[in-house]
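K.L.:
no FASTA, just this:
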């Protein structure tokens, strides 16, 4: 009996002990979790604090730099003011039609996608793709949009609640008009097409005013802005007629005279229309020695300040002067067409950095309420007379990334990348961003054994024109691979060694029988596949130009190189060094 009681007592205390042990471990785990949660919360607060300190230090450094330059900068805008500016600011995508105008069916896909990506509107640079008529019909591209097509575009923009700004060049970049013989006498310089002279009344009555009339006639009455270009006017006061205008002497005089004529005319047609211009001519010619004589002129126009570098290269003093001069200001970045004259795929990372640099300028602009918008330029060619570059489908990832950089201006890069990937729906694991063409990614795909089909299947994306983006990206990879290999073999089989029959015979055989034939076959296959891809979205002449500039050019290089190498026979033996003595001996023997 005693034994049974003793066992029951031991069982009781054992049970109690196990319960206490369980409670102890439960409390220990809970405490550990609480500590971990506390640590995570602490880390978050610490990182947030460090970020704020970093931003504060950055601003203080910028203030010090400005003070060193003896500049009077107003207080940096508050976060709420910055937030209001970023929310209200227009974010317009620039459609440059002078290089690669898309068909209407592509625009019907593209405009809603731009809205989805974060654009609030578009600025359309028509150049020769507007349906000019009567005396101006000769300047119009044979594939130009019709007025009915333009109306469909305007309606589509309205349906998507997107604003529209027309852009027409009216001073520099007038090649599309001045290349025509009947307008050649209106050139500022008789041998150059770029600049129209303000010194002849015909420039206005025969061309510019008629262009403005037809543009305004075709666009909705509710239009708020018109952009009249006026950038990069490289030729001034060279037309003989300018000698009859002695009151105009400097670049500033001619520029103000010409732009004022255009603005005054526009105001007679639509008094409330705001006139925008590119501001580089003001920045470079009218701000020296604190010259404020342009204050009257500044009331007539809204400047669009542009720079496309990764770090915006405009001195802070310019923004201070512009803040004093203008009641409204716009900025212009780039998402394509601003890195190389001949390029297929834009450098998205460089353009992202350009937008980050602009965001920093917005943060420090004295009067942020004056900033009304950002134009994301997308140049199709450097000017009318140059080759096409970075067409729209190749640039959609870059455009979306740049818009998302503006929208998520307070977020880290990884979040911006993820948001962009969701929008363009890309499945790609090369770069951390998932779609940026970077050197590491490119080098992974320059292996000669990759087929054309493998090259054009590197990205799996779903956005308007994605199939053409893949084709262009594959071509860019092929070009990179060829240029890399061609450079290596050109160094090994250089002209000096070939001339002296002193070269690596294995490399010569590889080049003639494998390397160059393989790349020629791949470029030829790209030619075959490309035409059907382009036909869906663009006009025939674009593919003819692009294939000649970016594909046939390399086929020609290969053919010329193979002809050169085939003239070189593998010798039975090679000379001893020094080779220069052998050359001199050959010359002496030939003379004898």
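P.N.:
Here it is on my side, so go on. All figures in this text were calculated on a predicted structure; none of them were measured in a lab.
K.L.:
poorly predicted segments of the stretch 351-500 of the chain, please.
P.N.:
Residues of the stretch 351-500 of the chain that meet the criterion pLDDT under 70 lie in 427-449, 458-459.
K.L.:
span of stretch 119-135 from start to end?
P.N.:
Its first and final residues considered, stretch 119-135 spans 36 Å by CA to CA, to the nearest Å.
K.L.:
what's the answer for stretch 294-306, then?
P.N.:
Across its full length, stretch 294-306 reaches 20 Å between end residues, using CA to CA.
K.L.:
what's next to that stretch, contact-wise?
P.N.:
Contacts made with stretch 294-306 from outside it, assessed by CB atoms under 8 Å, 6 or more residues apart in numbering, are listed as 225, 227, 231, 252, 256, 259-260, 263, 274-280, 282-283, 286, 314, 318-319, 322, 325-333, 372, 375, 377. Heads up, the C-betas are built off the backbone N, CA and C, glycines and all.
K.L.:
give me the buried entries from those.
P.N.:
In these, burial by neighbour count holds for 225, 227, 231, 252, 256, 259, 263, 274-280, 282-283, 286, 314, 319, 322, 325-326, 329-333, 372, 375, 377, counting by 16 or more other CB atoms under 10 Å.
K.L.:
keep only those of these that are in strands.
P.N.:
Secondary structure of the buried ones among the contacts of stretch 294-306 is defined by DSSP state E; positions in strands are 225, 227, 274-278, 329-333, 372, 375, 377.
K.L.:
farthest-separated two in the residues you listed?
P.N.:
Spanning the widest gap among those are 275 and 333, at 21.4 Å by CB to CB.
K.L.:
for residue 222, give its distance to residue 164.
P.N.:
Distance, residue 222 to residue 164, using CB to CB, to the nearest Å: 9 Å.
K.L.:
again, but for residue 115
P.N.:
Using CB to CB, one gets 13 Å for the distance from residue 115 to residue 164.
K.L.:
can you check residue 396 too?
P.N.:
As for residue 396, its distance to residue 164 is 20 Å (criterion: CB to CB).
K.L.:
which one's more surrounded, these two?
P.N.:
Neighbours per residue, other CB atoms under 10 Å: of residue 396 and residue 164, the larger number sits with residue 396, 26 against 19.
K.L.:
contact partners for that one?
P.N.:
By CB under 8 Å, 6+ apart, residue 396 lies in contact with 113, 424, 463, 464, 465, 466, 469.
K.L.:
which ones among those are found in strands?
P.N.:
Assigned to strands by DSSP E, none of the contacts of residue 396 qualify.
K.L.:
want to throw those residues into JSON lines with neighbour count?
P.N.:
What follows is these, written out as JSON lines (neighbours: other CB atoms under 10 Å):
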{"residue": "113", "neighbour count": "18"}
{"residue": "424", "neighbour count": "24"}
{"residue": "463", "neighbour count": "20"}
{"residue": "464", "neighbour count": "22"}
{"residue": "465", "neighbour count": "25"}
{"residue": "466", "neighbour count": "18"}
{"residue": "469", "neighbour count": "26"}
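K.L.:
how near is the closest residue to residue 500 other than its chain neighbours to residue 502?
P.N.:
In this structure, residue 500 finds its nearest non-sequential neighbour in residue 579, 4.8 Å apart by CB to CB, 6 or more residues apart in numbering. Using CB to CB, we find residue 579 at a distance of 6 Å from residue 502.
K.L.:
likewise residue 217?
P.N.:
72 Å.
K.L.:
with residue 345 instead?
P.N.:
As it turns out, when the distance is counted by CB to CB, residue 345 lies 40 Å from residue 502.
K.L.:
ok, the two, which is more surrounded?
P.N.:
When residue 345 is set against residue 502 and neighbours are counted by other CB under 10 Å, the residue ahead is residue 345, at 23 against 15.
K.L.:
how about the strands in the stretch 51-200 of the chain?
P.N.:
According to DSSP state E, counting those that start in this stretch, the stretch 51-200 of the chain carries its strands in the segments 90-96, 121-125, 163-167.
K.L.:
got a markdown table for those, with distance to residue 490 too?
P.N.:
What follows is these, written out as a markdown table (distance: least, CB to CB, whole Å):
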| stretch | distance to residue 490 |
| --- | --- |
| strand 90-96 | 36 |
| strand 121-125 | 40 |
| strand 163-167 | 43 |
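K.L.:
tally of neighbours for residue 201?
P.N.:
Residue 201: 9 surrounding residues under other CB under 10 Å.
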